[in-house]
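K.L.:
Any chance you can model this:
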Amino acid sequence: MREPCAPTQPQASPASQPELLSDAPSTADASYVAHALGVIARARFTSKIARKARITRDAVHRSLSGVGAPRLTILLGVMPPLGVRLTMEATRPV
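P.N.:
Okay, the predicted model is just below:
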C-alpha cells in the first residue's frame with residue numbers, strides 16, 4: 001500500500017482527486033479525511049459546494065480545514081455535491 005498523500009500538499013487537479021480520496025480513509029484520521037475533502041471542495045469552488053450542501057461557506061472552510069475534529073453532518077453534507085459517497089465495509093464478521 002502506498003503512503004497517503006501529505007495533507008500539506010494541495011492536490012486540486014481533477015486527475016489527482018481520485019487518488020487523494022482513496023488514500024484519505026486509509027489513514028483513519030478524521031482531520032486528514034476532512035482536509036482531503038477540503039482540497040477538492042476548494043478546487044471545485046467552496047461557495048458553490050456550500051450552496052448545494054445548504055450550509056455556509058464558512059462552515060465548509062472550518063470543517064474541511066484539516067484542523068480539529070470535523071462534524072460528521074458537514075462531511076456528509078458536502079459529499080453529494082462533490083460527487084463522493086461514503087461506503088463502509090466490515091473488516092471482520094459482525
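K.L.:
Checking Ser13 next. Helix, strand or coil?
P.N.:
coil (DSSP: H, G, I helix; E, B strand; the rest coil).
K.L.:
Let's check: the centremost residue of this protein is which one?
P.N.:
Leu37 (1.9 Å; C-alpha atoms, centre = their mean).
K.L.:
Quick check: it touching Pro81?
P.N.:
No: in this structure, Leu37 is not within contact of Pro81 by C-beta atoms under 8 Å, at 10.6 Å. Any C-beta I mention is one placed from the backbone N, CA and C, and that applies to glycine too.
K.L.:
pLDDT value on the residue nearest to the centre of the chain, please?
P.N.:
Leu37 carries a pLDDT value of 88.
K.L.:
Could you say which helix or strand holds it?
P.N.:
In the assignment (DSSP states H and E), Leu37 maps to helix 30-43.
K.L.:
Kindly report the same for Arg62.
P.N.:
Assigned by DSSP H and E, Arg62 falls within helix 57-63.
K.L.:
Dump that helix to CSV, keeping only the CA atoms.
P.N.:
Taking C-alpha atoms only, helix 57-63 is exported to CSV below (Å, rounded to 0.1, in the frame of the first residue of the first chain):
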residue,chain,number,x,y,z
ARG,A,57,-19.2,28.7,3.1
ASP,A,58,-17.5,29.4,6.5
ALA,A,59,-18.8,26.1,8.0
VAL,A,60,-17.4,24.3,5.0
HIS,A,61,-14.0,26.0,5.4
ARG,A,62,-13.8,25.4,9.1
SER,A,63,-14.9,21.8,8.9
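K.L.:
I'd like the average pLDDT over that helix.
P.N.:
Across helix 57-63, pLDDT averages out at 86.
K.L.:
just the angle between the helix or strand just after it and helix 30-43, please?
P.N.:
Per DSSP H and E, helix 57-63 leads on to helix 72-82 as the next helix or strand towards the C-terminus. Interaxial angle, helix 72-82 versus helix 30-43 (axes from the mean of the first three to the mean of the last three C-alpha atoms, to 10 degrees): 40 degrees.
K.L.:
what does helix 72-82 contact?
P.N.:
Helix 72-82 has contacts (C-beta atoms under 8 Å, 6 or more residues apart in numbering) with 33-34, 37, 40-41, 44, 48-50, 52-55, 59-60, 63-64, 85-86.
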